[in-house]
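Q: My questions concern the predicted model and sequence given below.
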Amino acid sequence: MVSSATAKKRKTGTAGRRSVKKNAKKQSPGKDLSASYNAHKEFNGQQYSGMQVGRSHHWHYDPGDWKETKITPDLWEISYVVTKRRAGHAPKGSGVPVGTGYHWYIVAHQNVFKLNANDYSTSMSGLKFKVAHKRAQHEEWNGTAKTQRKRIVKFLKVIIGELEKEPILLNFTYNTKEYKGEAVPVQETCHDGICEELDVTLNDEHMGIIRRLKSGWKMDNQKDEKFIQAIGEAIVF
């Protein structure tokens, strides 16, 4: 039979060992996220560094300054200046140095509905393409103006090619309402006959980009999860 004093001693010893392990874990050096971020990766034969393909960022935008000037009945010049902030905090050691610059080219749908005399609901969905970047503490970009223009032309040709192909036709009923439309595959996300992302239009209204995930379908600008799944189920390759 084990005495109460011996049992207490054993218990204390076990707790002590657990405490040492816990403290050792706290004191162990953290994972070097900067090394993972900067490591060379490969996607469809293309080498890259930075955030891994498939991961997402979530940002909050400060009240911004949007200006637009009408050029033709259907064409407007736009200018938008704002500071964007992470929804959360960047992990220590991740990301690029302060002073790094990017030049993106954006192709997007902007859906606007008038709410009253002075307010409009506004949503945007689309694609942005990295044209060039400038490393911190460097004055030069990694591509000349001519090279950047060529990259934009190449990107737009891909977009045009997607739009000229026959889309996937959609036809389904949800909550007694009939929906007809189309889904245009984002070709950069297609592999082995399956496309992970598609641009969806229903009843002649643009709905946004739908993404195929292991957990199901997702659309950032649609709140009805069952409706999103209904759209996904209607997509047949």
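A: Yes, it's here.
Q: alpha carbons only for contacts and neighbour counts from here, please
A: OK.
Q: Give me the neighbour count for residue 201.
A: A count of nearby residues for residue 201, using other C-alpha atoms under 10 Å, gives 19.
Q: Does it lie in a helix or a strand, and which?
A: Secondary structure assigned from DSSP states H and E places residue 201 in strand 197-202.
Q: Return the set of buried residues in the next helix or strand after that strand.
A: Using DSSP H and E, the next helix or strand after strand 197-202 towards the C-terminus is strand 205-213. Buried residues in strand 205-213, defined by neighbour count with 16 or more other C-alpha atoms under 10 Å: 206-212.
Q: Ok, stretch 229-237 next?
A: 229, 231-232, 234-235.
Q: for the residue most central in space within the chain, helix, strand, or coil?
A: By C-alpha atoms, centre = their mean, the mean C-alpha position of the chain lies nearest to residue 56, the distance being 4.2 Å. Here residue 56 is recorded as coil under DSSP: H, G, I helix; E, B strand; the rest coil.
Q: same check, this time on residue 78
A: Under three-state DSSP, residue 78 comes out as strand.
Q: domain assignment for this protein?
A: 46-164, 165-237 (automatic domain parsing).
Q: now the longest one, how far from the chain's geometric center?
A: For domain 46-164, the separation from the chain centroid amounts to 11 Å (computed by C-alpha atoms, centre = their mean, to the nearest Å).
Q: And for stretch 216-225?
A: 14 Å.
Q: if we can go back for a sec, in the sheet, which strands lie alongside the strand holding residue 201, parallel or antiparallel?
A: strand 177-185 (antiparallel), strand 205-213 (antiparallel) (DSSP bridges).
Q: How about residues contacting it?
A: 170, 179-186, 189-190, 206-212 (C-alpha atoms under 8 Å, 6 or more residues apart in numbering).
Q: quick one: what helix or strand has residue 152 in it?
A: helix 145-164.
Q: Now do the buried residues in that helix.
A: 148, 151-152, 155, 159, 162.
Q: Over to stretch 165-178?
A: 167-170.
Q: where's it relative to the chain centroid, distance-wise?
A: Centre to centre, stretch against its chain (C-alpha atoms, centre = their mean), the figure for stretch 165-178 is 25 Å.
Q: what's the span of that stretch from first residue to last?
A: 25 Å (C-alpha to C-alpha, to the nearest Å).
Q: swap in stretch 83-97?
A: Start-to-end, stretch 83-97 (C-alpha to C-alpha) is 17 Å.
Q: and what of stretch 167-178?
A: Stretch 167-178: ends 19 Å apart by C-alpha to C-alpha.
Q: picking up where we left off before, can you tell me which of the buried residues of stretch 165-178 is nearest residue 114?
A: Within the buried residues of stretch 165-178, proximity to residue 114 (C-alpha to C-alpha) peaks at residue 170, which comes in at 28.0 Å.
Q: list the contacts for the closest one?
A: 179-183, 202, 231, 234-235.
Q: Neighbours of residue 110, how many?
A: Based on other C-alpha under 10 Å, the number of other residues close to residue 110 is 12.
Q: Go ahead and name everything in contact with the host helix or strand of it.
A: Using DSSP H and E, residue 110 maps to strand 101-114. Identification of contacts with strand 101-114 by C-alpha under 8 Å, 6+ apart yields 120-136, 152, 206, 208.
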